[in-house]
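Visitor: Here you go, sequence then predicted model.
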Amino acid sequence: MAEEEVKIELLRASGVAPAIPTVKHWMILSNLDLLWTPYNQVHRLLFYKTSCPDNDFSTLVETLKRSLSLVLVDFYPLAGRLDIKGGGQSGRPEVDCNDAGVEFIAASSIDMPFQDLENFDFQYKSFFKQLVPSRTDNYDAPLLSMQVTAFGGGGICMGTSLNHVIADGNSFWHFMKCWAECSRGLPLSKNPDHMRNIFKRDEKNYAIPNISLTAEEVLSDRTKEAQIFKFLPHDLLRTNSEGPIIHEKESSAVDSSIENSIEDDTDDQQLEISTFHFSKAMIQNLKQRAGAKTSFVALAAHFWRCVMEAREVPEKEPAVFALLADCRSRVNPPLPFTYFGNCVCIGAAMTTIQQLLCEDICFAAALIDKLISSSASQTQLNNMIDWLDENPCSGAQRFVSDIGSAFRYSVNVVGSARFAVYEIDHGWGKPVNVQAASINEIGAMVLFPGRDTDGGKSIDISTCLPRRHMETLKRILMIIPL
């Protein structure tokens, strides 16, 4: 069946509020939350094979809505609304915890049997975008929207649309697990912690230092001449003769150059999304070749090199690798795993295409390892929070613009292979596939754990490239010499 023929019929939409009214109040958003204000929703898809007949779909929907209302009692910020104008006491954007509710949509596929998706191993199709609620950038909109779509032959897809301001990936998957527990009639295994004021500065006793995003050369034989971007106070910055400094006054010009570079890269080329499965044995082989301590470092080094080669980037161009490091265990005192909100630090490393591809994989792995150590430190997290304080609602955009045109050829890591996405069991079994409904960045590295019999050690990577470059990537990415 032609992909363009697939139609999704929206059956009904409703709002789901907490089963027990919660206390109305304003919840502050930290700089780490406001970092994501200008960005679109995060879309995820969970495919389930169910045995319920088509006429029982309504019963399944009502079961999900009841359990959702129960879990929202504890995860009440998701049922609130974002006030970007700062109507609360702080004068900054806050969440109005008003029990307005989560959007819930029931839908069905007119043309696509679930078996057809299985036969093609759930490889991405363009109609997957229809499996998540369609939203515009409206700050009065629900912070979380759900869509459950029924497929012929027994199968459903749960599509989620989350405003990143309210939660990071760690918090989102914690919520999804707790929702599934409620569906099975179980108590929550771990309640969320809503302690966002942990990042609030005491303005009376705290003078915010001037922080700049600075590229520092890595002082190591293995990563010579490569650079890591750090958030540093002005009094610790090197002079221009000792190392490059990124000046924020250049950002307005840089924004335009970045937009043009993306257009140039995709002009007259159709984009394609593909997923690649790395088994436990393949990852172990990569770890040995890269001299890496972790699976992530080994895979990231290999993926970074292959994507840059596939994109045919000129050798003198800079290559950037960017990631988000979870910092819950890095703050003092450490935050619990159950902290609900955003607690990640942005980090980026840079080298040249020539150095990245001419050196062996050990070079890329060593640079990524150093980037992780730098980005996940408490000092970097505190400095980033202070750097964001100047204009927290445009922080992510400033990060890209401060790095400059080097971000034209970057690999940005999204997601994590550590999220227990295949443990989301609502009572009819675990998902048979979990993936992103869309990828907004060229060459992004979208991570999910694999679903197989490898003891939970396999990893899936999805990415988006122009079709010609994707064909090259398919030829080289899965070739891992012994």
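Guide: Yep, it's here.
Visitor: Buried residues of stretch 115-126, list them for me.
Guide: 116, 117, 122, 124, 125 (16 or more other Cβ atoms under 10 Å). Just so you know, the C-beta spots here come from the backbone N, C-alpha and C atoms, and that holds for glycine as well.
Visitor: hmm, I was thinking of stretch 294-301
Guide: Buried-residue list, stretch 294-301, by 16+ other Cβ under 10 Å: 295, 296, 297, 298, 299, 300, 301.
Visitor: Could you export those residues to TSV, including columns for distance to residue 441?
Guide: Shown next, in TSV, are those (distance: Cβ to Cβ, whole Å):
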residue	distance to residue 441
295	22
296	19
297	21
298	22
299	18
300	15
301	19
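Visitor: can I get the residues you listed in a markdown table with distance to residue 281, secondary structure and pLDDT?
Guide: Output for those, formatted as a markdown table (distance: Cβ to Cβ, whole Å; DSSP: H, G, I helix; E, B strand; the rest coil; pLDDT from 0 to 100):
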| residue | distance to residue 281 | secondary structure | pLDDT |
| --- | --- | --- | --- |
| 295 | 12 | helix | 96 |
| 296 | 17 | helix | 97 |
| 297 | 17 | helix | 97 |
| 298 | 13 | helix | 97 |
| 299 | 13 | helix | 97 |
| 300 | 18 | helix | 98 |
| 301 | 18 | helix | 97 |
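Visitor: for the stretch 301-450 of the chain, what spans make up the helices?
Guide: For the stretch 301-450 of the chain, the helices defined by DSSP state H, counting those that start in this stretch occupy 353-358, 361-375, 378-388, 395-403.
Visitor: Check the stretch 1-150 of the chain too.
Guide: Counting by DSSP H, counting those that start in this stretch, the helices of the stretch 1-150 of the chain are 31-34, 57-71, 114-119.
Visitor: got the CA positions of the first one in CSV?
Guide: Backbone C-alpha positions of helix 31-34 (Å, rounded to 0.1, in the frame of the first residue of the first chain) are rendered in CSV as follows:
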residue,chain,number,x,y,z
ASN,A,31,16.3,28.4,34.1
LEU,A,32,16.8,24.7,33.1
ASP,A,33,13.1,24.5,32.3
LEU,A,34,12.9,27.9,30.5
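Visitor: for it, what is the average pLDDT?
Guide: Here helix 31-34 scores 90 as its mean pLDDT.
Visitor: list the helices and strands it packs on?
Guide: The contact analysis (3 or more Cβ pairs under 8 Å, 6 or more residues apart in numbering; DSSP states H and E) places helix 31-34 against helix 378-388.
Visitor: how distant is the helix it packs on from the center of its chain?
Guide: 20 Å (Cα atoms, centre = their mean, to the nearest Å).
Visitor: Repeat that for stretch 171-186.
Guide: So, by Cα atoms, centre = their mean, the centroid of stretch 171-186 is 20 Å from its chain's centroid.
Visitor: Identify each buried residue in it, please.
Guide: 171-183.
Visitor: now stretch 14-28
Guide: 16, 17, 18, 22, 26, 27, 28.
Visitor: Over to stretch 142-153?
Guide: Residues 142, 143, 144, 145, 146, 147, 148, 149, 150, 151 are the ones in stretch 142-153 that count as buried (16+ other Cβ under 10 Å).
Visitor: Repeat that for stretch 354-370.
Guide: 355-357, 359, 361, 363-370.
Visitor: about what we covered before: for the buried residues of stretch 171-186, give me CSV that also has pLDDT, distance to residue 82 and secondary structure.
Guide: Listed next are those as CSV, based on pLDDT from 0 to 100; distance: Cβ to Cβ, whole Å; DSSP: H, G, I helix; E, B strand; the rest coil:
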residue, pLDDT, distance to residue 82, secondary structure
171, 97, 16, helix
172, 98, 16, helix
173, 98, 21, helix
174, 98, 20, helix
175, 98, 17, helix
176, 98, 20, helix
177, 98, 24, helix
178, 98, 22, helix
179, 98, 21, helix
180, 98, 26, helix
181, 98, 27, helix
182, 97, 25, helix
183, 97, 27, helix
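Visitor: any idea which of the residues you listed is closest to residue 232?
Guide: Nearest to residue 232 out of those is residue 171 (Cβ to Cβ; 28.7 Å).
Visitor: Widest-spaced pair of the buried residues of stretch 142-153?
Guide: 143 and 151 (27.5 Å).
Visitor: Contacts for stretch 331-338 next, please.
Guide: By Cβ atoms under 8 Å, 6 or more residues apart in numbering, the surrounding residues in contact with stretch 331-338 are 170, 174, 190-193, 195, 198, 328-329, 343, 378, 381.
Visitor: Repeat that for stretch 299-313.
Guide: By Cβ under 8 Å, 6+ apart, the residues outside stretch 299-313 that reach it are 265, 278, 283, 286, 290, 292, 319, 321, 323, 353, 356-357, 361, 364-365, 368, 409, 411, 413, 443, 445, 459, 461, 463, 465, 469-470, 472-473, 476-477, 480.
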